[in-house]
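Undergrad: Turn this into a structure:
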Amino acid sequence: MAAMATGLAAAGIAAPDAAWASEGLNGAALGGAWALPFVGMLLSIALFPLFAPHAWEHHQGKITAFWALVTAIPLALVAGGGAAASALAHTALLDYIPFILLLTALFTTAGGILIAGNIHGSPAVNALLLAIGAVLASLIGTTGASMVMIRPVIRANDDRKHNAHVFVFFIFLVSNLGGALTPLGDPPLFLGFLRGVDFFWTTKHVFAETLFAAGLVLAVFYAIDSVIYRREGRVPDPTPDRRVRVRGVENLALIGVIIAAILLSAAWKGGVAFTVAGVAVEWQGLVRDLVMVAVAVASMKLTKSAWREANGFSWGPIKEVATLFAGIFVTMIPVLAMLQAGRDGAFAPLVALVSHPDGAPNNAAYFWLTGALSSFLDNAPTYLVFFQLAGGDAQTLMTQGALTLAAISCGAVFMGANSYIGNAPNFMVYAIARDGGVRMPSFFGYMLWSGAVLIPTFLLVTWVFFAG
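TA: Modelled structure (predicted):
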């Protein structure tokens, strides 16, 4: 690994002084080899679970550490230990830790909300459940909404002979499209919030696109489910009828605390609280992060363990996310610097691809390129890559570049639904549904569904909102 790190340093940078400026990495001086650890990290996440699941289950921490070290060691060799430590501290304190704490708070609170009881999955009821889940996704996150809604939908459809399509559309709507309206909805949008995008910016500027796409997909689902429902014979419902009740409602109040803390952090300009390795940590961010910790602890204390057990709650998924994103954030450091260099950096061809000849952004290209990568790689780092490619300045993107930022946001959130590995909740829903007796389609079988339903939808989204 040391030989690889040394080779990376030699291939990627012309001269240490040119490569490292006082404010951070000078992306124009970095060669394309610096992107290899980032690509390797994302491909590991995409391919290991499919082709070597046993090795991935037991060694994902080691694989993640390898790619992080292959990035960190060359940085230390080229820029010096102090400068590398400063870059890592900046990423950890201002991006990674707030990101993971928010996910943990939402994961914990959503895991304590149990929808108990049984209903019957007619097309109208199923469409209503998917619509409710899609709305919840922007309030408690796509992962949280998927956890809350998946088991009620399984119970509602356990008397159906053909029910796999219900869960395919569940992934489309609840695990992806519905999370496009707030930074709580999907991790990419929270990273945008941390970079300066206003909390309600996506609510205002992506509402029409989300309503159009989600409404169209929901209408297609209702039509398909109605045909299947009429053709299949009725069988006795194996789940006894029980009144539907919501347990753990105290967690809804705790989610309100999360939202209030995020809004407060955006409005409060408290100044610097302390400095770590040259990184200024401000009071508003520190208070927000401490509130996330307090909310998670309160949720565990206030929620009955029986309700979490009924939800299948465990810490495994959030531990895995924390491990993987540690590697992603480290390997992304030089990539973001190169993108910041724009036409002067190693990614100049990509800049040309998302720009018209006159230099204006090609918003359709931003939508599809962000979406294509988000279909198979993690959508959070993909969002940051194109956010940076579009200039990386939140104030500019929210105003003059509003359509570009909307295209990036929609691409990252919407097209995570194109495959099982496009967004973290997708595979979770797949696993829970299979465990519940649903004959879920294979990896490529699922993509036949997404290709038939989502790709035409996204072409219409492009034509209506991003063409020209």
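Undergrad: buried ones in the helix or strand harbouring residue 87?
TA: Assessed by DSSP states H and E, residue 87 sits inside helix 81-91. Going by neighbour count (16 or more other Cβ atoms under 10 Å), the buried part of helix 81-91 is 83-91. Where you see a C-beta, it was placed from the backbone N, CA and C, and this is true even at glycine.
Undergrad: what's the answer for stretch 351-369, then?
TA: Buried residues in stretch 351-369, counted by 16+ other Cβ under 10 Å: 351, 354-355, 361-369.
Undergrad: hey, where'd the helices end up in the stretch 351-468 of the chain?
TA: Assigned by DSSP state H, counting those that start in this stretch, the helices in the stretch 351-468 of the chain fall at 363-376, 379-389, 394-398, 402-414, 424-435, 443-461.
Undergrad: Make TSV from those and add mean pLDDT and distance to residue 145 to it.
TA: Below are those laid out as TSV (pLDDT from 0 to 100; distance: least, Cβ to Cβ, whole Å):
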stretch	mean pLDDT	distance to residue 145
helix 363-376	90	18
helix 379-389	85	16
helix 394-398	95	26
helix 402-414	96	13
helix 424-435	80	8
helix 443-461	93	18
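Undergrad: Deepest-packed of those helices, please.
TA: Mean neighbour count (mean count of other Cβ atoms under 10 Å) peaks for helix 402-414 among the helices of the stretch 351-468 of the chain, with a mean of 28.
Undergrad: now stretch 83-97: mean pLDDT?
TA: In this model, stretch 83-97 carries a mean pLDDT of 86.
Undergrad: contact partners of that stretch?
TA: With Cβ atoms under 8 Å, 6 or more residues apart in numbering as the test, stretch 83-97 has contacts from 20, 24-25, 72, 75-76, 79, 191, 194, 276-279, 281, 285, 289, 325-326, 329-330, 332-333.
Undergrad: A strand includes residue 312, no?
TA: No. With DSSP: H, G, I helix; E, B strand; the rest coil as the criterion, residue 312 is located in coil rather than a strand.
Undergrad: Do I have it right that it meets residue 432?
TA: Yes. Here residue 312 reaches residue 432: they are 6.9 Å apart, a contact under Cβ atoms under 8 Å.
Undergrad: any shared contact partners between these two?
TA: Common contact partners of residue 312 and residue 432 (Cβ under 8 Å, 6+ apart): residue 151.
Undergrad: got the buried residues of stretch 351-369 as JSON lines, with distance to residue 113 columns?
TA: JSON lines is the format used below for the buried residues of stretch 351-369 (distance: Cβ to Cβ, whole Å):
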{"residue": "351", "distance to residue 113": "44"}
{"residue": "354", "distance to residue 113": "40"}
{"residue": "355", "distance to residue 113": "45"}
{"residue": "361", "distance to residue 113": "40"}
{"residue": "362", "distance to residue 113": "42"}
{"residue": "363", "distance to residue 113": "37"}
{"residue": "364", "distance to residue 113": "39"}
{"residue": "365", "distance to residue 113": "40"}
{"residue": "366", "distance to residue 113": "35"}
{"residue": "367", "distance to residue 113": "33"}
{"residue": "368", "distance to residue 113": "36"}
{"residue": "369", "distance to residue 113": "36"}
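Undergrad: thinking again about what came up before, next structured bit after the helix holding residue 87?
TA: helix 97-111.
Undergrad: Tell me the strands beside the helix or strand just after that next one, with direction?
TA: Remark: after helix 97-111, the chain's next helix or strand is strand 114-116, criterion DSSP H and E. Strands that pair with strand 114-116, judged by DSSP bridges, come out as strand 245-247 (antiparallel).
Undergrad: Kindly provide the whole-number mean pLDDT of the strand it pairs with.
TA: Strand 245-247 comes out at a mean pLDDT of 82.
Undergrad: Can you name the residues in contact with it?
TA: Residues outside strand 245-247 that contact it (Cβ under 8 Å, 6+ apart): 113-117, 304, 307.
Undergrad: So what's the gap between that strand and the chain middle?
TA: Strand 245-247 has its C-alpha centroid displaced from the chain centroid by 28 Å (Cα atoms, centre = their mean, to the nearest Å).
Undergrad: Can you give me the buried ones in the following helix or strand past it?
TA: Moving toward the C-terminus from strand 245-247, the next helix or strand (DSSP H and E) is helix 250-267. Residues of helix 250-267 classed as buried: 251, 254-255, 257-258, 261-262, 265-266 (neighbour count, 16+ other Cβ under 10 Å).
Undergrad: Stretch 321-329 now?
TA: By neighbour count, with 16+ other Cβ under 10 Å as the criterion, the buried positions of stretch 321-329 are 321-322, 324-329.
Undergrad: average model confidence for it?
TA: Stretch 321-329 shows a mean pLDDT of 86.
Undergrad: can you list the residues that contact it?
TA: Counting by Cβ under 8 Å, 6+ apart, 38, 41-42, 45, 60-61, 64-65, 67-68, 91-92, 95-96, 99-100, 103-104, 378, 380-381, 424 sit against stretch 321-329.
Undergrad: Could you dump the helices of the stretch 351-468 of the chain into CSV with distance to residue 33 added?
TA: Listed next are the helices of the stretch 351-468 of the chain as CSV, based on distance: least, Cβ to Cβ, whole Å:
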stretch, distance to residue 33
helix 363-376, 20
helix 379-389, 17
helix 394-398, 29
helix 402-414, 26
helix 424-435, 29
helix 443-461, 31
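Undergrad: if we compare the ones you listed, which one ends up closest to residue 346?
TA: For the helices of the stretch 351-468 of the chain, proximity to residue 346 was assessed by Cβ to Cβ; helix 379-389 is nearest, at 12.1 Å.
Undergrad: relative orientation of that closest one and helix 97-111 in degrees?
TA: Counting by axes from the mean of the first three to the mean of the last three Cα atoms, to 10 degrees, helix 379-389 lies at 140 degrees to helix 97-111.
Undergrad: Which secondary structure elements does helix 379-389 sit against?
TA: Contact here means 3 or more Cβ pairs under 8 Å, 6 or more residues apart in numbering; DSSP states H and E; on that basis helix 379-389 packs against helix 187-194, helix 316-340, helix 363-376, helix 402-414.
Undergrad: one step back: which one of the helices of the stretch 351-468 of the chain lies closest to residue 225?
TA: Short answer: helix 443-461, nearest of those by Cβ to Cβ, at 12.5 Å.
Undergrad: Can you show me the helices along the stretch 1-150 of the chain?
TA: For the stretch 1-150 of the chain, the helices defined by DSSP H, counting those that start in this stretch cover 2-12, 16-19, 36-51, 53-79, 81-91, 97-111, 123-156.
Undergrad: Those into CSV, with extra columns for distance to residue 411?
TA: Shown next, in CSV, are these (distance: least, Cβ to Cβ, whole Å):
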stretch, distance to residue 411
helix 2-12, 28
helix 16-19, 31
helix 36-51, 16
helix 53-79, 25
helix 81-91, 24
helix 97-111, 20
helix 123-156, 15
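Undergrad: of all the ones you listed, which lies closest to residue 344?
TA: helix 16-19 (12.2 Å).
Undergrad: and the closest one, average pLDDT?
TA: Rounded mean pLDDT across helix 16-19 is 42.
Undergrad: residues contacting the residue most central in space within the chain?
TA: Nearest to the mean C-alpha position of the chain, by Cα atoms, centre = their mean, lies residue 187 at 3.7 Å. For residue 187, the contacting residues are 99, 103, 379-380, by Cβ under 8 Å, 6+ apart.
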